[in-house]
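Participant: got a predicted model here, sequence first, then my questions.
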Amino acid sequence: MTTKVARKKRNMPRRSPKKRPLPATWMVGKKVRLRPIEPYDVPLLLRWINGSAALEWLQPRLPLTQRQEQAWAARAATDPQMPTFIIQTLRGVDIGVLGLQLESNRGIFGIAIHEPRYWSQGYGQDAVQVMVDAAFRVLPLQRIELLVLPQNLRALRCYEKAGFTREGLLRRYIYNRGKAQDMIIMSILHSEWTQQLPAEP
């Protein structure tokens, strides 16, 4: 998969994820493009986070006010330690959001396809692949990791197809819907990602 990423040099300490942050530009895959979050996205983000069907599978969050969502969107658009993007189909339909939280040599990944009619059609997997490709090409990361509920079989299949490996089970890791729940931790290493790249012609 070809990922279109403009690279910029920054005068930052060696081996820090801040050195070459993911740029605020469009990244394109086979089915989706990732675009930077803009101020006009706040109403859409507010609708998603407070009423999306995808919230069933996310770690619990309280409903957000417009001011809280504006503050989060402003940070997501400017903080190089949490590159965040809107997932958009190649026809221009916004369907979800994804991002990374950068910590040392690893990135903590999160994604949600908030429009149910786009579930189970490969949009999520393509978005994951675009982000992983961009992150490993641009950032000095050794691993990208994520957490997923064991019962979210659709997400587990998506991540495995994108090259993630199950590392283990975090028992009683979150408290959700009135009970403690386990979480599966998955990751992909930079060395594993390079093995997936097509051979040079």
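Facilitator: Great, that's in hand.
Participant: can we go C-alpha only for contacts and neighbour counts from here?
Facilitator: Will do.
Participant: just the strands from the chain, written as ranges.
Facilitator: 27-28, 32-36, 84-89, 94-103, 106-113, 143-148, 165-176, 179-189 (DSSP state E).
Participant: of these, which is nearest Asp133?
Facilitator: Among these, the nearest to Asp133 by C-alpha to C-alpha is strand 27-28 (9.9 Å).
Participant: still on that earlier bit, compare the strands of the chain and give me the one nearest Asp126.
Facilitator: For Asp126, the closest of the strands of the chain is strand 32-36, at 6.7 Å, according to C-alpha to C-alpha.
Participant: any buried residues in the closest one, and which?
Facilitator: Neighbour-count burial for strand 32-36 flags Val32, Arg33, Leu34, Arg35, Pro36 (criterion: 16 or more other C-alpha atoms under 10 Å).
Participant: and what of stretch 145-160?
Facilitator: By neighbour count on 16+ other C-alpha under 10 Å, the buried set for stretch 145-160 is Glu145, Leu146, Leu147, Val148, Leu149, Ala155, Leu156, Cys158, Tyr159.
Participant: helices along this structure, start to end?
Facilitator: 42-51, 66-78, 123-138, 153-161, 190-196 (DSSP state H).
Participant: export the third one as CSV, just CAs?
Facilitator: Listed in CSV are the C-alpha atoms of helix 123-138, where the atom choice follows Å, rounded to 0.1, in the frame of the first residue of the first chain:
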residue,chain,number,x,y,z
TYR,A,123,-12.5,0.5,5.7
GLY,A,124,-11.1,0.0,9.2
GLN,A,125,-8.4,-2.3,8.2
ASP,A,126,-7.3,0.1,5.4
ALA,A,127,-7.2,3.0,7.9
VAL,A,128,-5.2,0.9,10.3
GLN,A,129,-2.7,0.0,7.6
VAL,A,130,-2.3,3.6,6.4
MET,A,131,-1.6,4.9,9.9
VAL,A,132,0.8,2.1,10.8
ASP,A,133,2.7,2.6,7.5
ALA,A,134,2.9,6.3,8.0
ALA,A,135,4.0,6.0,11.7
PHE,A,136,6.7,3.5,11.1
ARG,A,137,8.0,5.4,8.0
VAL,A,138,8.2,8.8,9.7
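Participant: distance from the chain centre to that helix, please.
Facilitator: With C-alpha atoms, centre = their mean, to the nearest Å as the basis, the distance from the averaged C-alpha position of helix 123-138 to the chain average is 8 Å.
Participant: swap in stretch 165-175?
Facilitator: 19 Å.
Participant: return the helix or strand in the protein with minimum mean pLDDT.
Facilitator: Least confident helix or strand of the chain, by mean pLDDT, DSSP states H and E, is helix 66-78 with a mean of 74.
Participant: tilt between that helix and strand 84-89?
Facilitator: Relative orientation of helix 66-78 and strand 84-89, computed by axes from the mean of the first three to the mean of the last three C-alpha atoms, to 10 degrees: 90 degrees.
Participant: now do helix 66-78: which elements does it pack against?
Facilitator: helix 42-51 (3 or more C-alpha pairs under 8 Å, 6 or more residues apart in numbering; DSSP states H and E).
Participant: report the buried residues of the helix it packs on.
Facilitator: Val42, Leu45, Leu46, Trp48, Ile49.
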